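In: Structure for this input, please:
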Amino acid sequence: MTTTAPASTTDAHAAVDRIFGADVFTQRVMQQRLPKEIYRSLVNTIRMGDPLDPAVADVVAATMKDWAVENGATHFTHWFQPLTGSTAEKHDSLIAPDGAGGVMYNFSGAELVQGEPDASSFPSGGIRATFEARGYTAWDPTSPAFLVRGQKNVTLCIPTAFVSWTGEALDTKIPLLRSMEALSHQALRILQLFQTDAGVRRVTTTVGPEQEYFLVDRELYFRRPDLVTCERTLFGARPPKGQQLEDHYFGTIPPRVLAFMSDVERELWRFGVPVKTRHNEVAPGQYEIAPVFESSHIASDHQMLLMETLRRVAPQHGLKVLLHEKPFAGINGSGKHNNWSMSTDTGVNLLDPQDAAHTNLQFLVFLCAVVRAVDLHADLLRASIASAGNDHRLGANEAPPAIISVFLGDMLQDILDQVEKGLPKRTLGGGVIDLGARTLPQLPRHSSDRNRTSPFAFTGNKFEFRAVGSSASIAWPNTVLNLIVAESLDVIATDLQKAAGKNPTPAKLQSATLAVLKKVIHQHKRVVFAGDNYSAEWHEEAARRGLPILDDSVDSFPVLQSKKNLDLFKKYGVLSKAELSSRTHIVLEKFVKQLAIEAETMISIGRTMVLPAALRHQTILAGTVAATTATGVKAAGVTKTLRGFSALLDRFQEALEKLEKVTAAEHESTMRHAIYIKKSVRPAMNELRVLVDQLETHVAADLWPLPTYGELTTLK
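Out: Below is the predicted model of the structure:
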């Protein structure tokens, strides 16, 4: 729920390097080790996006190898992010025969720049057949290499892109980098109009993703087949105490959890991941970790590394990390709040309104471009966060609804209202808060409140896209966000150039800008909403406004194949039709497979664990009735309990058989299968869950085979 201010990644890395001896190949390390000309050429690639000079690779490879070997590395790997939702790596040794009976450490520029993992077994969505195996990894010099230390090994990890032999992207990084290039190009057009581009060569999108997660005791975890297989509980009755007392949020961090957090942070600092914030989240057993801002592609790499580190460190403390969006029903789920902004390579945040925001026309252009983008492409933005896990979370008490809207706050809303009517003349101030005690300071009040129910909220100098799921890579939603804003900047820049003409005077530029913004605001203000996004009234209002209402993933998936969106990705060179179609196929297939696994796991637990326990309990009740009746004493109460329990058990077995039947159906296409899951399988799963949860509250505690919610969400 918290966020941190943008900061310099280079400074963060340098500080970590000094304090912890970071295992990251930072610019500081390169500056110390590389020849000046090589270092200067590489920095121009990293900072300015200049093409990589092939002559640089051999020198960098030798230097990187020496640094890695000095730190104990024996192997290297091209670390990449295929379309599996996780990372991948193939380790190769740095050690090679020296030709004289001995060995030597060797790492060439060719090995640094290009690798060749087998591409046939990764999801390709039809781009590659099983027999078409060749794929390449390509070094991304803008993302620092790092060392991963195991129990008896150290591996040099080199962030890379992953591409097919045909040249089509097979990963999440390539589209993200392409989208950043598209946005930078269009943003520079705006800066040129306002003549604020002196020295600016690039505009970069920056992200500070907050990661929410649950911790459970590792021993209890392995006693829950649903957690092991699906990373969420498919059954579980609500305990008497959940989160209703609201005493866990920002509470004292349990010592065992704090020790885990500290080890995670030290690992991440060594990798150069600039994490800053840690705290208890709302639900019992739920926590959060948040970094400072970084360039989007580096933030994406670091977010994947963060999730891997959480998983790797947890067993050392007897814990298991759950990154699923909704591991427990009835309490808050987990998101990954994506704090997004745009900055120049000279350090200017383009979404910072500054003090007199109503006079900052350049800021208002970028702000309105984002509002326009979200309105026109709300369906695509919604589809970017669609997943089986997120379906359980969106629209619940802690998460924004599936309806995409924008919250601006009082100050910006007032300014846009003024622009729509004419010339803006004021910027609302927040003032100060007097706490009524002389010993306490007066607090500066922000000009606007925050809206935790909004899926896309302006929060000071950035937008917070709150709907991203906790287990997801941030690369895809940020690719979409960059793309739709690039398109919006393109249209607005073109309109401004037509309205203002060449070399406009300040007065002419102001007049043209206000005219263009007035039109944008009038056409797209329907997406702006400041109220309670959870309310039924808003859902009705959103429908009247014509906003897309895509309640779940099955409704969202077809959006990816609309002509509008296919043309959009193609126009700005982010994804070809084949590349976008492949991703649609992959997310559909993953959705169907995940639900099939969950349904089969429910059936297995129901048949082999719940049913035997319930039958044993029924036998005990029946024996009690028989024994009591045999003594001549009336057993009305126990008999009533037995009859009620037997009826519940019958309904459970009927629901179990129904789920078995609906999961066995065959389908002619993946999309039809997904629709069938929505209409038939998920309702059957929900029906079975309700009955099992009722059984849990009736079966004797010593007979119930699964650790309960009360046990799982209370760490000791």
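
In: my guess is Gln303 contacts Ile474, does it?
Out: Yes. Gln303 lies in contact with Ile474 (C-beta atoms under 8 Å); the separation is 5.2 Å. C-beta here means a position set from N, CA and C on the backbone, and glycine is covered the same way.

In: overlap in contacts of those two?
Out: 209, 336 (C-beta atoms under 8 Å, 6 or more residues apart in numbering).

In: Just want to know which of those two has more residues nearby.
Out: Ile474 (27 against 23; other C-beta atoms under 10 Å).

In: Show me where this structure dips below the pLDDT cut-off.
Out: 1-21, 130, 197, 395-400 (pLDDT under 70).

In: hmm, what's the outermost residue in it?
Out: Gly632 (65.3 Å; C-alpha atoms, centre = their mean).

In: Check the gap between it and Thr639 for me.
Out: Separation of Gly632 from Thr639 (C-beta to C-beta, to the nearest Å) stands at 15 Å.

In: Same question for Ala543.
Out: Taken as C-beta to C-beta, the span from Ala543 to Thr639 is 52 Å.

In: out of these two, which sits in the more crowded spot?
Out: Comparing Ala543 with Thr639 by other C-beta under 10 Å, the one with more neighbours is Thr639, at 16 against 12.

In: ok, the more buried one touching Val625?
Out: Yes. At 5.4 Å, Thr639 counts as touching Val625 under the criterion of C-beta under 8 Å.

In: need the longest strand for this structure.
Out: strand 203-217 (DSSP state E).

In: pull the CA atoms of that strand into PDB?
Out: C-alpha atoms of strand 203-217 as PDB (Å, rounded to 0.1, in the frame of the first residue of the first chain):
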ATOM      1  CA  VAL A 203      12.400   9.800 -22.200                       C
ATOM      2  CA  THR A 204      12.200   6.700 -20.000                       C
ATOM      3  CA  THR A 205       9.300   5.200 -18.200                       C
ATOM      4  CA  THR A 206      10.000   4.400 -14.500                       C
ATOM      5  CA  VAL A 207       8.300   1.900 -12.200                       C
ATOM      6  CA  GLY A 208       8.300   1.300  -8.500                       C
ATOM      7  CA  PRO A 209       6.300  -2.000  -8.100                       C
ATOM      8  CA  GLU A 210       5.100  -2.900  -4.600                       C
ATOM      9  CA  GLN A 211       5.000  -6.600  -3.900                       C
ATOM     10  CA  GLU A 212       2.400  -8.100  -1.600                       C
ATOM     11  CA  TYR A 213       2.800 -11.700  -0.400                       C
ATOM     12  CA  PHE A 214       1.700 -14.200   2.200                       C
ATOM     13  CA  LEU A 215       3.900 -16.300   4.500                       C
ATOM     14  CA  VAL A 216       2.900 -19.700   5.900                       C
ATOM     15  CA  ASP A 217       4.700 -22.300   8.000                       C
END
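
In: packing partners for that strand?
Out: Using 3 or more C-beta pairs under 8 Å, 6 or more residues apart in numbering; DSSP states H and E, the elements in contact with strand 203-217 are helix 173-193, strand 286-291, strand 294-295, helix 296-313, strand 319-322, strand 336-344, helix 475-500, helix 709-712.

In: Can I get those in JSON lines including distance to Pro255?
Out: Formatted as JSON lines, the helices and strands packed on strand 203-217 follow (distance: least, C-beta to C-beta, whole Å):
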{"stretch": "helix 173-193", "distance to Pro255": "39"}
{"stretch": "strand 286-291", "distance to Pro255": "14"}
{"stretch": "strand 294-295", "distance to Pro255": "31"}
{"stretch": "helix 296-313", "distance to Pro255": "16"}
{"stretch": "strand 319-322", "distance to Pro255": "13"}
{"stretch": "strand 336-344", "distance to Pro255": "27"}
{"stretch": "helix 475-500", "distance to Pro255": "35"}
{"stretch": "helix 709-712", "distance to Pro255": "19"}
